[in-house]
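Asks: structure of the sequence below:
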Amino acid sequence: MTLVLASASPRRRELLAWLGVPFEIDPAAVEEPLPERHPHPERVARALARHKAAAVAQRRPGDWVVAADTVVVFRGRLLGKPETAEDARAMLQLLRGRWHRVITGVAVARGRRLWVDHATTWVRMRAYSEADIAASIARGEPFDKAGGYAIQDPDLRPVAEWRGCYCNVVGLSIWLTWRLLRRSGWELPRPAQLPDVCRTCPLAFAQE
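Replies: Numbering: from 1, shown residues only. Now for the predicted structure:
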């Protein structure tokens, strides 16, 4: 049996490795249209994750495929990955000092079967300066990240606090992925070698 990550994201690759299971990388080359607004953004994240997982599972029907998609939501607006410096600056200014939601849909596919779920984390940004924003853009940090930031960025340090799953904000909830793989029939043991932020995650204590 082979586990496949349908993403080229180095962050998701690092997170999935914490399950302690070898896996292969096979990115899903699909479009990721994102509406500006949606009354149920979790449905958008789940649909995008499902689309990615199904695309890779179609060419690898005997493998377990994991896919994910992250959406940042601020007052009804859905923020994807900024395409330009102006987009990145606008996103970081919009979120500065405010609360928003980060929703990551996760899908596991095997053959034609799919298991999908999502996690939501509330995040409050710190009051970073315009110079902080400019420096982040100059480093190229915002352009492959929903909302234009990474919670783990040691230079910008964008986040003041969060409520929920930390890994969900990075791009892939470890505990949600583990539960979906178990639902799909893979008897994975509970991951043992995890950082403290995962050991205390509220999803670690959720019912299977």
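Asks: list the buried residues for the lowest-mean-pLDDT helix or strand in the chain?
Replies: Lowest by mean pLDDT, DSSP states H and E among the helices and strands of the chain is helix 196-199, with a mean of 89. The neighbour-count check on helix 196-199 (16 or more other CB atoms under 10 Å) flags residue 198 as buried. Heads up, the C-betas are built off the backbone N, CA and C, glycines and all.
Asks: which stretches of the chain form strands?
Replies: Under the criterion DSSP state E, the chain contains strands at 3-5, 23-25, 64-74, 77-79, 99-110, 113-125, 159-163.
Asks: nearest to residue 147, of those strands?
Replies: Among these, the nearest to residue 147 by CB to CB is strand 64-74 (3.4 Å).
Asks: for the closest one, packing partners?
Replies: Judged by 3 or more CB pairs under 8 Å, 6 or more residues apart in numbering; DSSP states H and E, strand 64-74 is in contact with strand 3-5, helix 41-59, strand 77-79, helix 85-95, strand 99-110, helix 174-183.
Asks: about what we covered before: who touches the least confident helix or strand of the chain?
Replies: 18, 166, 167, 174, 175, 191, 204 (CB atoms under 8 Å, 6 or more residues apart in numbering).
Asks: tell me, how many residues neighbour residue 28?
Replies: Residue 28 has 24 neighbours, counted by other CB atoms under 10 Å.
Asks: that one touches residue 9, doesn't it?
Replies: No. Counting by CB atoms under 8 Å, residue 28 sits too far from residue 9 to count as a contact (11.2 Å).
Asks: which ones are touching the residue nearest to the spatial centre of the chain?
Replies: The geometric centre of the chain, computed from its C-alpha atoms, lies nearest to residue 171 (CA atoms, centre = their mean), at 2.2 Å. Taking CB under 8 Å, 6+ apart as the contact definition, residue 171 lies against 9, 11, 12, 15, 68, 70, 104.
Asks: neighbours around the first one, how many?
Replies: Here the neighbour count serves as a burial measure; for residue 9 (other CB under 10 Å) it reads 19.
Asks: please apply the same query to the fourth one.
Replies: Using other CB under 10 Å as the criterion, residue 15 is surrounded by 21 other residues.
Asks: what number of residues lie near the residue lying closest to it once chain neighbours are set aside?
Replies: Nearest residue to residue 15, sequence neighbours excluded (CB to CB, 6 or more residues apart in numbering): residue 172, at 4.4 Å. Using other CB under 10 Å, residue 172 has 27 other residues around it.
Asks: reformat the contacts of helix 196-199 as a markdown table; add pLDDT.
Replies: Shown next, in a markdown table, are the contacts of helix 196-199 (pLDDT from 0 to 100):
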| residue | pLDDT |
| --- | --- |
| 18 | 93 |
| 166 | 97 |
| 167 | 96 |
| 174 | 95 |
| 175 | 96 |
| 191 | 87 |
| 204 | 90 |
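Asks: and the two most separated of those?
Replies: 166 and 191 (14.6 Å).
Asks: so between these two, which is more surrounded?
Replies: Each of residue 166 and residue 191 has its neighbours counted (other CB under 10 Å); residue 166 has more, 21 against 17.
Asks: now do the contacts for that one.
Replies: Residue 166 makes contact with 121, 151, 197, 198, 201 under the criterion CB under 8 Å, 6+ apart.
Asks: with that, I have no additional questions.
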